[in-house]
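Enquirer: predicted coordinates and the sequence they were generated for:
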Amino acid sequence: MALTAAPLLADTLRIASFNVEMHRKGPGLMLRDILRGDPQARAVAEIIASNAPDILLLQKVDYDADLLGMRALRDVIAEAGFLYPHVFALRPNTGMATGLDLDGDGRTGRASDAQGFGFFAGQRGMVLMSRWPVITDQVQDFSALLWRDLPWATLPTVDGKPFPSEQAQTVQRLSSTGHWIVPIAVPNAPPVTVMAFSATTPVFDGPEDRNGLRNADEIRLWLQVLNGALGTPPHSRFFILGTANLDPDKGQGRHAAIRDLLSHPTLQDPKPQSATGGLNTADWSEPTPGDMRVDYVLPSTDWTVTESGVVWPDTNAEIIASRHRLVWVDVDTGTDEGF
């Protein structure tokens, strides 16, 4: 596979997000497939190794308590030519049983009744891979935040009543997967902070717009953090990255949420793109929903962006890997010593 960018200089940091869609239908199956030489895992690894992000967030990978599946994928990436010594993940909300009817269909125990859509606990999680260690005692995890406890949350209603029920809204978490603030101890420089998330899709609901409202509030959680209304915001050298599942203009969803994030005064939008797909980061069926920009890497304004891009298919590996594309941004570290 041809490289999509020139080799990194010593004083350049590359951050990337990649929704690899490697989730499987049962616990342990992703690990099994990887150990058997899964073609999708090899394709994902080729793309990652060829683009060599220093810090990488992957979405839609299955979580287990010992991170065996995620570490196995890391090892395949190493075989392809790029090693991540550090792998970090927290338990996602996906597949976390509630015992309640959360989608209003009158049934319980289904994937859509979990805290985040999932057929088993840990399905469709996310993992951070890094060349440098995570400062674990400074991690902030907002995954357990109840939706109704988000400042200025907008919860679904039908005929003026909570949807699907008051009881459901007393347990419903906001994060469909998770929201993490993760500081990373890079050498010869202050820590780099990653704000990682993977939001629900804004479709597959009813007129109450449950998923659309939740998607928008998952994105707005970062606005509340940046504005000082929630948690402890990073003040420098940070990135927001992950799958927002929302295009600023196209498709369904509450587009104002992502537009507000893109225009926040503490962030810059490098608008990564490819020659083939433009700004789009997901290759979905035509004409509906069509290709969209739904994956993001947003540096804080104190970074100097030197280059950015979206890895759009020009090889079979990229087509096999995922419908989503790897999105990367290079920034100047501000030191001649580099990393």
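Expert: That came in fine, so what should we check first?
Enquirer: what score does E337 have for pLDDT?
Expert: At E337, the predicted lDDT confidence score is 49.
Enquirer: same deal with D11?
Expert: 86.
Enquirer: then T281?
Expert: Predicted confidence (pLDDT) for T281: 94.
Enquirer: what's the nearest residue to it if we skip its chain neighbours?
Expert: Distances taken as CB to CB, 6 or more residues apart in numbering place D295 nearest to T281, at 4.0 Å, with adjacent residues excluded. C-beta coordinates here come from the backbone N, C-alpha and C atoms, glycine included.
Enquirer: isn't the one you found right up against A244?
Expert: Yes. Judged on CB atoms under 8 Å, D295 makes contact with A244 at a distance of 7.3 Å.
Enquirer: the more surrounded of the two?
Expert: Comparing D295 with A244 by other CB atoms under 10 Å, the one with more neighbours is A244, at 29 against 26.
Enquirer: wait, that one touches A199, no?
Expert: Yes. A244 lies in contact with A199 (CB under 8 Å); the separation is 5.3 Å.
Enquirer: shared neighbours of these two, anything?
Expert: By CB atoms under 8 Å, 6 or more residues apart in numbering, A244 and A199 have these common neighbours: N215, E218, I219.
Enquirer: these two touch, right, A196 and G242?
Expert: Yes. Checked against CB under 8 Å, the pair A196 and G242 is within contact range at 5.3 Å.
Enquirer: just for this structure, where's the confidence low?
Expert: Across the chain, the ranges flagged by pLDDT under 70 are 1-10, 314-319, 335-339.
Enquirer: ok, longest helix in it?
Expert: Assignment by DSSP state H gives helix 210-226 as the longest helix of the chain.
Enquirer: so how far is stretch 81-91 from its chain's centroid?
Expert: A distance of 15 Å separates the C-alpha centroid of stretch 81-91 from that of its chain, computed with CA atoms, centre = their mean, to the nearest Å.
Enquirer: sec struct for A72, please.
Expert: helix (DSSP: H, G, I helix; E, B strand; the rest coil).
Enquirer: pull the contacting residues for the spatially closest residue to it that is not a sequence neighbour.
Expert: Of all residues not flanking A72 in the chain, I34 sits nearest, at 4.4 Å (CB to CB, 6+ apart). When contacts are counted by CB under 8 Å, 6+ apart, I34 touches A41, G69, A72, L73, V76.
Enquirer: and D332, by the same measure?
Expert: D11, T12, L13, W303, T304, V305, T306.
Enquirer: just among these, which is most surrounded?
Expert: Within these, L13 tops the neighbour count with 26 neighbours, counted by other CB under 10 Å.
Enquirer: wait, a strand at that residue?
Expert: Yes. According to three-state DSSP, L13 belongs to a strand.
Enquirer: thinking it is in contact with D330, fair?
Expert: Yes. Using CB under 8 Å, L13 is in contact with D330, at 7.0 Å.
Enquirer: one step back: more crowded one of A196 and G242?
Expert: Counted by other CB under 10 Å, A196 and G242 do not tie: G242 has more neighbours, with 32 against 25.
Enquirer: name the residues that touch the helix or strand encompassing the more buried one?
Expert: Using DSSP states H and E, the element containing G242 is strand 238-243. With contact meaning CB under 8 Å, 6+ apart, strand 238-243 is reached by 15-17, 19, 55, 57, 59-60, 126, 192-199, 222, 261, 267, 294-300, 324, 327, 329.
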